[in-house]
Structures are given as structure tokens and as C-alpha cells.
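Colleague: output the structure for:
(2 chains)
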Amino acid sequence: MGSSKAGGQIDVDDIGYEVPSGTYEEARALVGSTRPVRFGEVEVNAPMIRHYAAMVRDPNPGYWDREFAAQQWGEIVAPPGMLMTWLIPIEWQPAGGRPVPLLTAQVPLPGDTFLNASNDTELLEPIRVGDHLNVVEELTGVSEEKHTAAGRGHFVTTLSTYRREDGTVVARSTNVLFRFRAGGAP
Amino acid sequence: MIPGAHYDQRWWDDVHEGEELPRIDDEITYRRVVMNPATTWDYFPGHHDPEYARSQGQPTIYINTMHFMGFIDRVATTWAGPRSFIARRKMSMRRPIFAGDTMVGAGRVSRKYTDSGGATVRHLVELEVTVSNQRGELCAPATVILELPARGAG
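Modeller: Below is the predicted model:
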């Protein structure tokens, strides 16, 4: 459990879900495809906001002070850095099965591990305690094989559109993930 | 008022292009990195398992994207104040911040402007924020657009 195999091979217990192996051509064929809408398993809530703000050590009263936040934003707001958190599936379910990972980890490619490369997030509305977010993810690009200091692999670009339960788009986020084989391992 | 919370607000009117944001140093212990999975639900093993991080060619565990985001936003809004709205944050991660590193945030106002494209005029500032490590190596450059309150805006 949790230990890595030699040569940077990932096993399911490391990552918590299957990372499909495939070719660049298979990945290219999926560009432009969209995943079905996914709903957050929890509503935006103050305890998780405080815990995250404590991790970052952010004293912004919008995250801590109910009175200030009510007057300024209508409710305690979520730090924008938590956007992805509200849609991460819970690790274990009583009925079994593995959580479905973000689209970026579902693309078939030769790489068996990843490092995130860049992100561009546009926020359209404050995200408030009580909001129940959903996301639609689209695969917008897969690069040719690139060599970087980390290894050889492909850059995977996804666009995630986040909505509240009333359908209002609250954020759009473009993310680029580097999917690679560590250190050129065979 | 929550003691220790940061209530000071900068008004758009008072911002100057080229002005520097206060530098923030933050020591990243193993405990802080492990708080990444705990608080963001991102259990990718590079953020809690040093052996896994080494199998990726990294010396040890490193902070996740959401911690970088939170720190960049903290640098921006600690300077600007809590009535600022983060409208956009564009960042790239060139080098990880590892457990044992000190994360150094700095920034500068690159542009001050208004946007009249919507229903109301938005008063905006664009910031160039950098996250470096204790050796001065640039880890994550970012551009942040904040909407600030303006005196004449009602």
C-alpha cells in the first residue's frame, strides 16, 4: 500500500485510481470531447474553507468572519484556490468502486505519472458557502512528445467550466498537465 | 472583527502602476505539505509520499497546485484588501516547492485600468506575482487581475 515500484511505475494504490495507458494517437482522437457533468459530493462549506485558509495562512476575513463576509459578499466565500477541491470525488464509498478522477488523468497516454504545468482561471462570481457546484470538463489539447527536465511526455490541456446549481457559470479554468515517464525510465 | 484578520483595503484610485507588493516568506514544513491533501482532497502521492516523489525524480514531497494558487491569491489580497475580487489568475509551475523550502511571494502592479464592457464599470488592477524559493529560483510566475472598490463608483 502506498509504496512505489521501481522505475517510477504507478500502481493503483499509489494514485487511488486507474491511469489509462495508450498512445499519442489515441489521446489526439479524444481532443474536443467533453465528459458528462459531474456534481460535487459536498456543498461549499465553512469548515473546509477555514482548514484550507489555515493551510495557506491567509487572514482574509472573507474566509473567516461571518459578519464581514455577509456584508461584503452575502456569505463566507471560498478561496478561489479551492475551486478544484469542491469537485474531487471522495476516496471510498460503501458500495465500493474507485473514484472517477479528473479528465486530465483519464486520457490514454504512455506516461505513467504527472506534474501540473500551468493553470489559467477566470472567476465570474464569488463562490459562497451553500453553493453546490458542478463541472463540465473538455479535453482541448494534447501536445506531441516533449523532453523536459522531468522526463519525456505530453502536455494535456483541459477546460473546466464550473456552475452553481442555478446554472450560473462561476468559473472557467484551463489547465495544462505534464504526463510523463520519470527520468526516461524504460 | 476577527483578531488577526486583515481588513485594510486599498482603493483603486490610490494604486500606482509599478508599485511593489509586500514580500511574504512562508516556511514549508512536511506538515504543511501534508496539509495539502488534508485540505484540498488532492491525494496525489507526490504530496504525501516521499518515496513516490523520488520515483518521479524529485527529492521529496512538494506542494500542490492549489497551495500555489492560495499563496498567490494571499500575496495579492493581503496587499489589496478583503474587498477585492480575484477575477483571474494565470500561473505556471516551473519548479516545485519542496518540503523544507521557504516560499517567497512578491509582486508588482503592472497595469491599472477600467473595463466598461459589462453592465457596470469595473475597476481593475493587473499584478505580476512571483513565487520563488529560498535560493531565489523562480518557481511559479503568475498574473492576477483584481477588481477593487473605487471611491467615485458608488
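Colleague: please make it C-alpha for all contacts and neighbour counts, starting now.
Modeller: OK.
Colleague: avg pLDDT for stretch B:110-128?
Modeller: For stretch B:110-128, the mean per-residue pLDDT is 95.
Colleague: chain center to that stretch, what's the gap?
Modeller: Distance of stretch B:110-128 from its chain centroid, counting by CA atoms, centre = their mean, to the nearest Å, is 19 Å.
Colleague: which residues are contacting that stretch?
Modeller: The contact list for stretch B:110-128 (CA atoms under 8 Å, 6 or more residues apart in numbering or on different chains) reads B:12, B:15-18, B:76, B:107-109, B:141-150.
Colleague: do the same with stretch A:133-149
Modeller: Against stretch A:133-149 from outside (CA under 8 Å, 6+ apart): A:24, A:27-28, A:30-40, A:43-44, A:86-87, A:103-104, A:152-165.
Colleague: buried only: go through the contacts of stretch B:110-128 for me.
Modeller: Among the contacts of stretch B:110-128, those buried by neighbour count (16 or more other CA atoms under 10 Å in any protein chain shown) are B:12, B:76, B:107-109, B:141-149.
Colleague: quick one: low-confidence parts of the chain?
Modeller: With no chain named, the answer covers chain A. A:1-16, A:183-186 (pLDDT under 70).
Colleague: nope, chain B please
Modeller: By pLDDT under 70, the weakly predicted segments of chain B are B:153-154.
Colleague: which residue ranges of chain A form strands?
Modeller: Applying DSSP state E to chain A gives strands spanning A:38-39, A:113-123, A:134-142, A:146-148, A:151-163, A:169-182.
Colleague: helices or strands next to the second one in the packing?
Modeller: With contacts defined as 3 or more CA pairs under 8 Å, 6 or more residues apart in numbering or on different chains; DSSP states H and E, strand A:113-123 has these neighbours: strand A:169-182, strand B:85-92.
Colleague: now those strands as a markdown table including mean neighbour count and distance to residue B:43?
Modeller: Listed next are those as a markdown table, based on neighbours: other CA atoms under 10 Å in any protein chain shown; distance: least, CA to CA, whole Å:
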| stretch | mean neighbour count | distance to residue B:43 |
| --- | --- | --- |
| strand A:169-182 | 22 | 16 |
| strand B:85-92 | 22 | 21 |
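Colleague: how close does residue A:137 get to residue A:117?
Modeller: Look at residue A:137 and residue A:117: by CA to CA, to the nearest Å, they are 18 Å apart.
Colleague: try residue B:28
Modeller: From residue B:28 to residue A:117 the distance is 20 Å (CA to CA).
Colleague: same question, residue A:144
Modeller: Note on residue A:144: its distance to residue A:117, by CA to CA, is 15 Å.
Colleague: kindly report the same for residue A:46.
Modeller: Residue A:46 is 29 Å from residue A:117, by CA to CA.
Colleague: what's the answer for residue B:53, then?
Modeller: Applying CA to CA, the value for residue B:53 to residue A:117 is 16 Å.
Colleague: how far off centre is the longest helix along chain B?
Modeller: Criterion DSSP state H: the longest helix present in chain B is helix B:65-80. Relative to its parent chain, helix B:65-80 has a centroid offset of 2 Å by CA atoms, centre = their mean.
Colleague: so what angle separates the directions of that helix and strand B:85-92?
Modeller: Inter-element angle recorded for helix B:65-80 and strand B:85-92: 130 degrees (by axes from the mean of the first three to the mean of the last three CA atoms, to 10 degrees).
Colleague: can you dump the C-alpha coordinates of helix B:65-80 into PDB?
Modeller: Taking Å, rounded to 0.1, in the frame of the first residue of the first chain, the C-alpha atoms of helix B:65-80 are listed here in PDB:
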ATOM      1  CA  THR B  65      -1.300  23.400  -7.500                       C
ATOM      2  CA  MET B  66      -4.000  24.500  -5.100                       C
ATOM      3  CA  HIS B  67      -1.400  25.600  -2.500                       C
ATOM      4  CA  PHE B  68       0.400  27.600  -5.100                       C
ATOM      5  CA  MET B  69      -2.900  29.200  -6.100                       C
ATOM      6  CA  GLY B  70      -3.800  30.000  -2.500                       C
ATOM      7  CA  PHE B  71      -0.400  31.600  -1.800                       C
ATOM      8  CA  ILE B  72      -0.500  33.700  -5.000                       C
ATOM      9  CA  ASP B  73      -4.000  34.900  -4.000                       C
ATOM     10  CA  ARG B  74      -2.800  35.600  -0.500                       C
ATOM     11  CA  VAL B  75       0.000  37.800  -1.800                       C
ATOM     12  CA  ALA B  76      -2.400  39.700  -4.000                       C
ATOM     13  CA  THR B  77      -5.200  40.200  -1.500                       C
ATOM     14  CA  THR B  78      -3.000  40.800   1.600                       C
ATOM     15  CA  TRP B  79      -1.800  43.900  -0.300                       C
ATOM     16  CA  ALA B  80      -5.100  44.800  -1.900                       C
END
